[in-house]
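Peer 1: Got a predicted structure here, sequence first:
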Amino acid sequence: MKQSITALMLSAWASPALAAFHIVLDPGHGGNDKGAVYNSIREADLVLTVAQKLQTLLGKDNEFVVTMTREKDRSISLPERVKMAEEANADLYVSLHANAALDQRAKGVEFFFQNNMPADEDALYLANQENQAVQNARDIHAISGGDELSKKGDIAAIVEDLKRQNRMFSSLRLTKALTTIWGNDENAMQATIKQAPFYVISKTSMPAVLIEIGFISNPREAKRLQQKDYQKDLAQKIYNALVSYKEKMDNSSAKNLN
Ligand SMILES: [Zn+2]
């Protein structure tokens, strides 16, 4: 009984198989906020370049509709980014960042999703860095949000819970599609799935993933990340993962409808 209700609810939330899949693509930082700066690379510029390449690939595919949170070097707060995704009623939120660490040996691509499990210390530290823009803002109370579940009835609470589970499951599914694509390329940088309370992936109501495309603090990776071909390859890999994710979502919503 419980299962069939779940299936029904999941199918109600899944987007119809033929409708274009709306992705909000979020190049992190921008404007006054340059993000991490290492080896003459500014994170804000790098992630915008990769996001634009990904936008081009998605733009050629009529199964996708893309909204960029920023198309140029401009300041945009984290709450504004979330608001854009909510107003667009997007199916998926993908945020692009570049990593930096004091240890120059730190390397690799990292895919983050939001879970209810406690995050490890490094991931929490990174999330804290990326959330700085919000923490500096006066409206800090917006982060804690406030749980309204207690005010709602049991059914509403169950629906909320299922929605949250569905969202987490879908986000994890995309991170898995990403690691599969990376795993198929032996020249690719190592890829890891992690979870941490980044503001943008915690506050969006749709499935959301934050991708740290590499460590600009690692001299070797910094060099690769500056190469146009490598940037193109990164965008292509993310695009391939998005196609694979969408196919899986379409298949599972078709199953739920039957
Ligand atoms: Zn960042």
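Peer 2: Structure's in. What do you need?
Peer 1: so where's the stretch 101-250 of the chain uncertain?
Peer 2: 116-121, 133-152 (pLDDT under 70).
Peer 1: Please, where are all the strands along the stretch 51-200 of the chain?
Peer 2: Using DSSP state E, counting those that start in this stretch, the strands of the stretch 51-200 of the chain run over 64-68, 92-99, 109-113, 191-195.
Peer 1: So which of the ones you listed is nearest residue 55?
Peer 2: Distance to residue 55, taken as Cβ to Cβ, is lowest for strand 64-68 among those, at 5.4 Å. In this view, the C-beta of every residue, glycine as well, is placed from N, C-alpha and C.
Peer 1: For the closest one, give the mean pLDDT please.
Peer 2: Averaged across strand 64-68, pLDDT comes to 97.
Peer 1: who touches residue 113 in this structure?
Peer 2: 168, 171, 172, 174, 175, 193, 195, 201, 208, 209, 210 (Cβ atoms under 8 Å, 6 or more residues apart in numbering).
Peer 1: Thought residue 210 was touching the second one, still the case?
Peer 2: Read that as residue 171. No: distance between residue 171 and residue 210: 9.6 Å, which falls outside the contact criterion (Cβ atoms under 8 Å).
Peer 1: Same drill for these two, tell me which one is more crowded.
Peer 2: A side-by-side neighbour count of residue 171 and residue 210, using other Cβ atoms under 10 Å, places residue 210 first with 29 against 26.
Peer 1: Could you single out the nearest of the contacts of residue 113 to the ion?
Peer 2: residue 210 (8.6 Å; Cβ to the ion).
Peer 1: distance of the closest residue to residue 23 other than its chain neighbours from residue 65?
Peer 2: For residue 23, ignoring the flanking residues on the chain, the nearest one in space by Cβ to Cβ, 6 or more residues apart in numbering is residue 92 at 4.9 Å. Using Cβ to Cβ, to the nearest Å, we find residue 92 at a distance of 11 Å from residue 65.
Peer 1: Around the residue nearest to residue 23, how many other residues sit close by?
Peer 2: Neighbours around residue 92, by other Cβ under 10 Å: 24.
Peer 1: ok, it - contacts?
Peer 2: 21, 22, 23, 24, 170, 174, 206, 207, 208, 209, 242, 245.
Peer 1: taking those one by one, which sit in helices?
Peer 2: 170, 174, 242, 245 (DSSP state H).
Peer 1: Residue numbers of the stretch 1-150 of the chain in contact with the ion?
Peer 2: 28, 35, 97, 130 (Cβ under 5 Å from the ion).
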